[in-house]
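Q: Based on what follows, work out the 3D shape:
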Amino acid sequence: MLEKSFGLFFFLKQPKNQKSDERYIYLRITVDGISKELSTKRMWNSARWDQAAGKAKGSKEETIKLNTYLDVYRMNVYNGKSALINAGKDITAESLKNYLTGNGEEKRMLLDIFQKHIDEIKNLVGRDYAYKTYQKYRTTNEHAKSFIKWKYNIADLEIKDLDYEFVKDFSLWLKTIKNCNHNSTIKYVRTLKSVIIECIRKKWLREDPFSEFKMTVKETEIIPLYSEELTALRNKTFSINRLNLVKDIFVFSCYTGLAYVDVSNLKRNQIVNGGDGQKWIMTKRQKTDTPQRVPLLPQALEIIDKYDQHPKCLNENFALPILTNQKMNAYLKEIADTCGIDKKLTFHIARHTFATTVTLTNGVPLETVSKMLGHKSIKQTQHYAKIVDLKISEDMAALNKKLSAI
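A: Sure thing, here's the model as predicted:
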């Protein structure tokens with residue numbers, strides 16, 4: 001609410017038990033008829049003071065210096081008034097006095113704000129946020145805490161002290177001290193920025209310290225399994241049951257496009273009869289909470305049927321008895337070596353294989369693939385099309401070589 005009246009006036013105030021003509025210069029701030037006084041920490045001779053004008057009399061250099069100081073002091077009051085208005089706070093004599101003296105202004109600490117944000121996310125996991133999002137914020141907070149201790153040797157930092165240098169140094173620290181790659185570094189910086197944007201929205205900060213920092217991720221190379229590699233993997237039978245289980249679930253993902261967490265959470269009742277009379281997976285991606293509807297190809301359905309009587313599937317209603325992601329990836333490395341696949345085989349490659357080798361390469365439209373993958377935007381799917389183009393180019397180059405030899 002804006003004030004009805006506003007006034008500033010400098011005056012002299014005699015100290016107690018002082019008989020000389022030296023007086024302290026005070027400023028009286030009056031808002032809506034209510035006044036507060038504060039010292040300017042300057043003294044002046046009462047005989048050389050213009051009481052009506054509220055300034056020093058004369059043209060000597062020391063007089064000009066004092067009046068200039070008082071003009072700057074007055075300007076600070078107006079700056080404080082603007083800052084309080086921008087922060088959505090009431091303009092009162094008390095609030096202006098507190099602004100100028102630094103009293104009464106709540107200190108807002110970065111890690112404290114961050115932790116409160118994390119607690120809010122934790123309470124909404126499963127509704128508005130995925131557990132992985134909670135983990136991401138928690139890890140970023142730990143990195144920020146370690147960085148602040150490393151750079152400033154303090155436990156926390158006021159958000160008003162955040163600037164471009166902080167962001168730049170945090171990014172460098174993540175890459176050099178924590179050995180994060182470029183994209184992981186950008187992920188953590190973006191997560192921190194989302195907390196600061198909330199501070200700006202609440203008018204705790206007027207400027208975004210991240211505004212000049214470039215946060216472009218590098219496009220990562222996607223290497224799916226090609227058709228002959230996928231066929232060799234499908235047809236491989238191991239003497240060790242755990243390797244057969246891991247291989248089967250990986251192949252299942254190659255023919256459905258489900259990410260590890262979505263295969264892990266897949267329940268029997270999420271496999272339903274579609275309008276076409278075929279079996280469909282009807283679920284939501286945990287990462288984005290977007291619908292994912294995938295018709296089950298025979299290769300995937302075969303694997304579902306294979307583990308239909310597994311105790312974990314019978315007792316807990318899971319579609320497949322999947323292991324932890326860490327174990328899956330460890331066994332996939334062993335499987336790749338055994339099958340002669342010269343690629344770093346991780347579970348996520350299965351999703352890439354579905355998008356490229358199984359669907360796009362076989363003429364399934366990009367829009368359809370995008371929906372089956374549960375992407376929010378077709379732009380997320382377009383980088384898979386580049387891989388298909390690359391494979392076509394390689395195949396044509398090989399054909400050209402063969403034809404040239406004839």
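Q: Please, where are all the strands along the stretch 251-400 of the chain?
A: Using DSSP state E, counting those that start in this stretch, the strands found in the stretch 251-400 of the chain span residues 271-273, 279-284, 291-295.
Q: Dump those to a markdown table, plus mean neighbour count.
A: From N, CA and C alone the C-beta is placed, and that goes for glycine too. Formatted as a markdown table, the strands of the stretch 251-400 of the chain follow (neighbours: other Cβ atoms under 10 Å):
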| stretch | mean neighbour count |
| --- | --- |
| strand 271-273 | 13 |
| strand 279-284 | 17 |
| strand 291-295 | 16 |
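Q: Out of those, which is closest to residue 135?
A: strand 279-284 (18.7 Å; Cβ to Cβ).
Q: Relative to residue 227, how far out is residue 385?
A: Between residue 385 and residue 227 the computed distance is 17 Å (Cβ to Cβ, to the nearest Å).
Q: Kindly state the domain boundaries assigned to this structure.
A: Structural domains assigned to the chain are 6-101, 110-201, 227-403, following automatic domain parsing.
Q: could those go into TSV alongside distance to residue 215?
A: Formatted as TSV, those follow (distance: least, Cβ to Cβ, whole Å):
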stretch	distance to residue 215
domain 6-101	26
domain 110-201	5
domain 227-403	17
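Q: who wins for proximity to residue 209 among these?
A: Nearest to residue 209 among the domains of the chain is domain 110-201 (4.3 Å), distances taken as Cβ to Cβ.
Q: Report the beta-bridge partner residues of the nearest residue to residue 270 once chain neighbours are set aside.
A: Nearest residue to residue 270 in three dimensions, chain neighbours excluded: residue 283, at 4.7 Å (Cβ to Cβ, 6 or more residues apart in numbering). Taking DSSP bridges as the rule, residue 283 bridges to residue 292.
Q: which residues does residue 283 contact?
A: 262, 265-266, 270, 291-293 (Cβ atoms under 8 Å, 6 or more residues apart in numbering).
Q: In the protein, where is pLDDT below threshold?
A: 1-4, 17-18, 87, 102-106, 387-395, 406 (pLDDT under 70).
Q: Can you name the residues that contact the one residue sitting closest to the centre of it?
A: Note on the chain: the residue nearest the mean C-alpha position is residue 191, at 1.9 Å, using Cα atoms, centre = their mean. Residue 191 makes contacts with 136-137, 140, as judged by Cβ under 8 Å, 6+ apart.
Q: element containing it?
A: Assigning secondary structure by DSSP states H and E places residue 191 in helix 182-201.
Q: what about stretch 120-137, how long is it end to end?
A: Stretch 120-137 has an end-to-end distance of 11 Å (criterion: Cα to Cα, to the nearest Å).
Q: Please apply the same query to stretch 278-296.
A: OK, stretch 278-296 end separation, Cα to Cα: 8 Å.
Q: picking up where we left off before, show me the two of the contacts of residue 283 that sit farthest apart.
A: 265 and 293 (15.5 Å).
Q: Quick check: the gap between residue 135 and residue 142.
A: 11 Å.
Q: Sorry, wrong one. I was asking about residue 68.
A: Residue 68 sits 50 Å away from residue 142, taking Cβ to Cβ as the criterion.
Q: and what of residue 367?
A: For residue 367, the distance to residue 142 equals 40 Å [Cβ to Cβ].
Q: These two: which is more packed in?
A: Neighbours per residue (other Cβ atoms under 10 Å) separate residue 367 from residue 142, with residue 142 holding more: 13 against 10.
Q: And the helix holding residue 191, how far out from the chain middle?
A: Taking the mean of its C-alpha atoms, helix 182-201 sits 4 Å from the chain's own mean (Cα atoms, centre = their mean, to the nearest Å).
Q: Dump that helix to PDB, keeping only the CA atoms.
A: Extracted in PDB, the C-alpha atoms of helix 182-201 (Å, rounded to 0.1, in the frame of the first residue of the first chain):
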ATOM      1  CA  HIS A 182      29.500 -31.400 -19.200                       C
ATOM      2  CA  ASN A 183      25.900 -32.500 -19.400                       C
ATOM      3  CA  SER A 184      25.800 -33.600 -15.700                       C
ATOM      4  CA  THR A 185      27.300 -30.300 -14.700                       C
ATOM      5  CA  ILE A 186      24.600 -28.400 -16.600                       C
ATOM      6  CA  LYS A 187      21.900 -30.600 -15.000                       C
ATOM      7  CA  TYR A 188      23.100 -29.600 -11.500                       C
ATOM      8  CA  VAL A 189      23.400 -25.900 -12.400                       C
ATOM      9  CA  ARG A 190      19.900 -25.900 -13.900                       C
ATOM     10  CA  THR A 191      18.500 -27.600 -10.800                       C
ATOM     11  CA  LEU A 192      20.100 -24.900  -8.600                       C
ATOM     12  CA  LYS A 193      18.700 -22.200 -11.000                       C
ATOM     13  CA  SER A 194      15.100 -23.600 -10.600                       C
ATOM     14  CA  VAL A 195      15.400 -22.800  -6.800                       C
ATOM     15  CA  ILE A 196      16.700 -19.300  -7.500                       C
ATOM     16  CA  ILE A 197      13.900 -18.600  -9.900                       C
ATOM     17  CA  GLU A 198      11.500 -19.300  -7.100                       C
ATOM     18  CA  CYS A 199      13.400 -16.700  -5.000                       C
ATOM     19  CA  ILE A 200      13.000 -14.200  -7.800                       C
ATOM     20  CA  ARG A 201       9.200 -15.000  -8.100                       C
END
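Q: List the buried residues in that helix.
A: Of all the residues in helix 182-201, those buried under the rule 16 or more other Cβ atoms under 10 Å are 185-189, 191-193, 195-196, 198-199.
Q: Same check on stretch 314-325?
A: For stretch 314-325, the neighbour count (16+ other Cβ under 10 Å) marks 318-320, 322, 325 as buried.
Q: Just the residues contacting it, thanks.
A: Stretch 314-325 is contacted from outside by 242, 245-246, 248-249, 252, 260-261, 263-264, 266-271, 303-304, 307, 310-313, 328, 331, 347, using Cβ under 8 Å, 6+ apart.
Q: Just the CA trace of it, in PDB.
A: Output of stretch 314-325 as PDB, limited to C-alpha atoms (Å, rounded to 0.1, in the frame of the first residue of the first chain):
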ATOM      1  CA  LEU A 314       2.900 -64.400  -9.000                       C
ATOM      2  CA  ASN A 315       3.300 -62.900  -5.500                       C
ATOM      3  CA  GLU A 316       3.800 -59.200  -6.200                       C
ATOM      4  CA  ASN A 317       1.900 -58.800  -9.500                       C
ATOM      5  CA  PHE A 318       5.000 -57.700 -11.400                       C
ATOM      6  CA  ALA A 319       5.200 -58.300 -15.100                       C
ATOM      7  CA  LEU A 320       8.900 -59.300 -15.000                       C
ATOM      8  CA  PRO A 321      11.300 -60.300 -12.200                       C
ATOM      9  CA  ILE A 322      13.800 -57.500 -12.800                       C
ATOM     10  CA  LEU A 323      17.000 -57.000 -10.900                       C
ATOM     11  CA  THR A 324      18.500 -53.700  -9.700                       C
ATOM     12  CA  ASN A 325      19.800 -51.400 -12.400                       C
END
